[in-house]
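1. Could you work out the structure for the sequence below:
(3 chains)
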Amino acid sequence: MAPQTRRMPFPKVVIERDSDSNQSTSDDDDDGEEAECSLSESETEFEDAAENGKTDEVEIGNMGMMKKGKELLSKKKGDVPLTIRLQKVCKVCKKPGHEAGFKGATYVDCPMKPCFLCKMPGHTTMTCPHRVASEHGVIPAPMKNTQNYLEYFFLRQIRPNIHPIKPAYVIPDQVCCAVIRYHSRRVTCLEFHPTKNNILLSGDKKGQIGVWDFDKVHEKMVYGNIHSCIVNNMRFNPLNDGTIYAASADGTISFTDLETGISSSLMNVNPDGWQGPSTWRMLYGMDVNSEKGVVLFADNFGFLYMLDMRSNNKTSEALLIHKRGSKVVGLHCNPVQPQLLLSCGNDHFARIWDMRKLEAGSSLYDLPHKRVVNSAYFSPLSGRKILTTCQDNRLRIWDSIFGNLESPSREIVHSHDFNRHLTPFRAEWDPKDPTESLAVIGRYISENYNGTALHPIDFIDITNGQLVAEVMDPNITTISPVNKLHPRDDVLATGSSRSLFIWRPKERSEPLEQKDDRKIVICQIPGKKYKQKFGGESDDDSDDYGFASKGKNIKLEKRKAKSTPYPRKGKH
DNA sequence: AGTGTATGAAGCC
DNA sequence: TGGCTTCCCTACAC
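-> Coordinates of the predicted model:
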């Protein structure tokens, strides 16, 4: 039998490319296969010019491209020439005429979407009014004078701690030491030692807990057998600062001796083991109340638990404090009033509780938010203010916890978007600021700094919304959602991806060029070759957490910020 | 350089 | 309520 030949010739295909598309092949290529091939290369828009001149527009994403293309071609088999115009579409909204994404180190927003910073429609991040305003307060901070008894006693108690004059802020703006790839998964929480100034604790997504002496730099330890997955919060034991508590999504509260690494599980909220994801309890928020001698922690079903710190027995049954089935991600005890507890979670609320009468639904105040509340903290000295970080890209401040709590006294628009691959951002108070007005938080959106997209860490004056400082380092190209200011020293600790960084004020640091190489330690998983971000390939697998050898050390170049990400009207 | 994948909240039906 | 899909700047390994 003679081979069958194609009776109907394949339709003539004319490919027209968008004028600003990259390379252009022969415009009048009539090879069908070639057309399909080209179509799969990039996101394009089909335009099918039919015989009567009527135009059929079909928008196709890159995945459905081939299939749709074939359908289209087969439909048109035998028809007059098929014109396929290759036109670039925006990867965000799939519409032609514009493109979103990185242009070099600058990110261009899709104009069809709401502003990535303030979430309002009609403009992009570049032109967002919150980028150019000198302050962001949507509601002025009112000084509420409630003059109730509680307020009176409260003020008497804290008055000596309140500074009348705001001192100049000291900003730790230069990286002085770092451990690169210290953790094997991203860092989730940080904690400074309450008495030893140079000890930093870090928890990660894998369940490991690191203990790092950042003055000696190379003195570091990672405990990998304490938890089996994400460490959500850690606290030092107020009765013995050589021991810590940690809450993990493995459903346990651990108690660990930092010297020996010996750890015990104080409580397991999944006593029956794994019964499927719908019943598995994970622990998120945690705090210790030294006055009451209890460890408080909460799970992903809305429940609060309490353990007596001396007996390690639970002091009460689990108590529903947030919407049933929602995560309670943060707990904080008031530093001055031990009866007051602050919680926050995925039900879009932060709640204030009186620990003397804790029962479901008995919260003193419910502070509403538009999205999940990542964190809620009382101010560190007076405990009178509350700072929350919400996934709606806003920081909120309640100036007086005894005032009108129906609405925050201030909202500050700030880029700290939720991203499932990042540890949630949490704005943290500066515990050293006597005026309780300085907060630190990492920034999600990047800025083009001399050709590199960097994500700075912002210092914000929460009394007026002003950006006091933004710190960045050319070597930290990853987002830094985890930040903690030292309780006594002018030191900032940053967790960015798997690495840790310690910042100090520039004027107090010795020039980096003269520094000991070992100020920066590169860690790696044994046997793995990996590309260093900072200077070539490393195959040093002599040590689990080996030092960077001389010459391979990270080069910290002096940064030259070309532009200010949040240009202000005045000086900041 | 290109791709797969870890993964969480929101919104829809 | 539950199951499904979508999602805008990730980080990193291969």
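2. Now A:Asp399: phi and psi?
-> phi -70, psi -40 (degrees, to the nearest 10).
3. wouldn't it be in contact with A:Lys385 here?
-> Yes: if you go by C-beta atoms under 8 Å, A:Asp399 and A:Lys385 touch, sitting 5.6 Å apart. To be clear about C-beta, it is placed using only N, CA and C from the backbone, and glycine gets the same treatment.
4. interface residues of chain A facing DNA strand B?
-> With the criterion set to C-beta under 7 Å from any atom of the strand, chain A comes near DNA strand B through A:Lys327, A:Asn346, A:His348, A:Arg371, A:Val372, A:Gln391, A:Phe418, A:Arg420, A:His421.
5. biggest separation within the residues you listed, which pair?
-> Longest distance between any two of the residues of chain A next to DNA strand B is 22.2 Å, between A:His348 and A:His421; criterion C-beta to C-beta.
6. Stretch A:385-405 - what's its average pLDDT?
-> The pLDDT scores in stretch A:385-405 average 90.
7. ugh, wrong one, I meant stretch A:427-435
-> On average, stretch A:427-435 scores 97.
8. For that stretch, list every residue counted as buried.
-> For stretch A:427-435, the neighbour count (16 or more other C-beta atoms under 10 Å) marks A:Ala427, A:Glu428, A:Trp429, A:Asp430, A:Pro431, A:Lys432, A:Asp433, A:Thr435 as buried.
9. nearest to DNA strand B, of those?
-> DNA strand B lies nearest to A:Ala427 out of these, by C-beta to the nearest atom of the strand, at 17.2 Å.
10. I'd assumed A:Thr389 was in contact with that closest one.
-> Yes: under the criterion of C-beta under 8 Å, A:Ala427 makes contact with A:Thr389 at 4.5 Å.
11. Find the residues that touch each one of the two.
-> Listed as contacting both A:Ala427 and A:Thr389 by C-beta atoms under 8 Å, 6 or more residues apart in numbering are A:Ser375, A:Leu395, A:His416, A:Ile441.
12. Can you name the residues bridging to the first one?
-> Beta bridges link A:Ser375 to A:Thr389, judged by DSSP bridges.
13. Tell me the residues of the stretch 201-350 of chain A that contact DNA strand C?
-> Counting by C-beta under 7 Å from any atom of the strand, the stretch 201-350 of chain A comes close to DNA strand C at A:Gly325.
14. hmm, back to that, A:His348 and A:His421: which is more packed in?
-> Taking other C-beta atoms under 10 Å, A:His348 and A:His421 do not tie; A:His348 has more neighbours (20 against 7).
15. mind listing what the more buried one touches?
-> The neighbours of A:His348, taking C-beta under 8 Å, 6+ apart as the test, are A:Pro368, A:His369, A:Lys370, A:Arg371, A:Val372, A:Val373.
16. And it, how far from A:Gly242?
-> From A:His348 across to A:Gly242, the span is 39 Å (C-beta to C-beta, to the nearest Å).
17. likewise A:Ile441?
-> Per C-beta to C-beta, A:Ile441 is found 30 Å from A:Gly242.
18. Name the residue in these two with the higher neighbour count.
-> More crowded of A:Ile441 and A:Gly242, by other C-beta under 10 Å: A:Ile441, with 25 against 14.
19. Which pLDDT value goes with the more buried one?
-> At A:Ile441, pLDDT is 98.
20. For it, give the beta-bridge partners.
-> In beta-bridge terms (that is, DSSP bridges), A:Ile441 pairs with A:Asp458.
21. That one and A:Leu395 touch, don't they?
-> Yes: applying C-beta under 8 Å as the test, A:Ile441 and A:Leu395 come out as touching, 7.1 Å apart.
22. tell me, what's touching those two both at once?
-> Contact criterion C-beta under 8 Å, 6+ apart; residues bridging A:Ile441 and A:Leu395 by contacting each: A:Thr389, A:His414, A:Ala427, A:Ile460.
23. all helices of the stretch 101-250 of chain A, in order?
-> With DSSP state H, counting those that start in this stretch, the ranges of helices along the stretch 101-250 of chain A come out as A:129-132, A:149-158.
24. looking at those helices, which one has the lowest mean pLDDT?
-> helix A:149-158 (a mean of 52).
25. DNA strand C contacts on the stretch 351-500 of chain A?
-> Neighbours of DNA strand C within the stretch 351-500 of chain A, by C-beta under 7 Å from any atom of the strand: A:419-422, A:444-446, A:453, A:455, A:477-479, A:496-499.
26. Now the two most distant members of those residues.
-> By the measure C-beta to C-beta, A:Ile445 and A:Arg498 form the most distant pair in those, at 21.7 Å.
27. Separate out the buried members of the residues of chain A next to DNA strand B.
-> A:Lys327, A:Asn346, A:His348, A:Val372, A:Gln391.
28. contacting residues for the first one?
-> Residues touching A:Lys327, when contacts are defined by C-beta under 8 Å, 6+ apart, comprise A:Met282, A:Tyr284, A:Asp299, A:Asn300, A:Gly302, A:Gly345, A:Asn346, A:Val372.
29. wait, doesn't the first one sit right on A:Ala249?
-> By that I understand A:Met282. Yes: assessed by C-beta under 8 Å, A:Met282 is found in contact with A:Ala249 at 3.7 Å.
30. So for the closest residue to DNA strand C within the stretch 401-550 of chain A, what's the nearest residue that isn't a sequence neighbour?
-> The minimum distance from the stretch 401-550 of chain A to DNA strand C, using C-beta to the nearest atom of the strand, falls at A:Thr478 (3.0 Å). Of all residues not flanking A:Thr478 in the chain, A:Ser497 sits nearest, at 4.2 Å (C-beta to C-beta, 6 or more residues apart in numbering).
31. For DNA strand B, see how far away the one you found is.
-> A:Ser497 sits 11 Å away from DNA strand B, taking C-beta to the nearest atom of the strand, to the nearest Å as the criterion.
32. pretty sure that residue contacts A:Arg186?
-> Yes: the pair A:Ser497 / A:Arg186 is scored as a contact, 5.4 Å apart, by C-beta under 8 Å.
33. For the residue of the stretch 351-500 of chain A found nearest DNA strand B, list the residues it contacts.
-> Distance from DNA strand B to each residue of the stretch 351-500 of chain A (C-beta to the nearest atom of the strand) is smallest for A:Arg420, at 3.4 Å. Residues counted as contacts of A:Arg420 (C-beta under 8 Å, 6+ apart): none.
34. follow-up on the earlier one: mind putting the buried residues of stretch A:427-435 in TSV, secondary structure included?
-> Compiled in TSV, the buried residues of stretch A:427-435 are given as follows (DSSP: H, G, I helix; E, B strand; the rest coil):
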residue	secondary structure
A:Ala427	coil
A:Glu428	strand
A:Trp429	strand
A:Asp430	coil
A:Pro431	coil
A:Lys432	coil
A:Asp433	coil
A:Thr435	coil
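35. shaky segments in the stretch 51-200 of chain A?
-> A:51-86, A:133-167 (pLDDT under 70).
36. which bits of it sit near DNA strand C?
-> For the stretch 51-200 of chain A, the residues in contact with DNA strand C (C-beta under 7 Å from any atom of the strand) are A:91-92, A:100, A:102, A:107, A:109-110, A:113-116, A:125, A:181, A:186.
37. Now for these: which two are most distant?
-> Greatest spacing in these, by C-beta to C-beta: A:Pro114 and A:Arg181 (35.9 Å).
38. Tell me how many other residues crowd A:Arg384.
-> 23.
39. swap in the one 5 residues further on?
-> Residue crowding around A:Thr389 was assessed by other C-beta under 10 Å; the count is 27.
40. That one is in contact with A:Ile441, isn't it?
-> Yes: between A:Thr389 and A:Ile441 there is a contact under C-beta under 8 Å: 6.7 Å.
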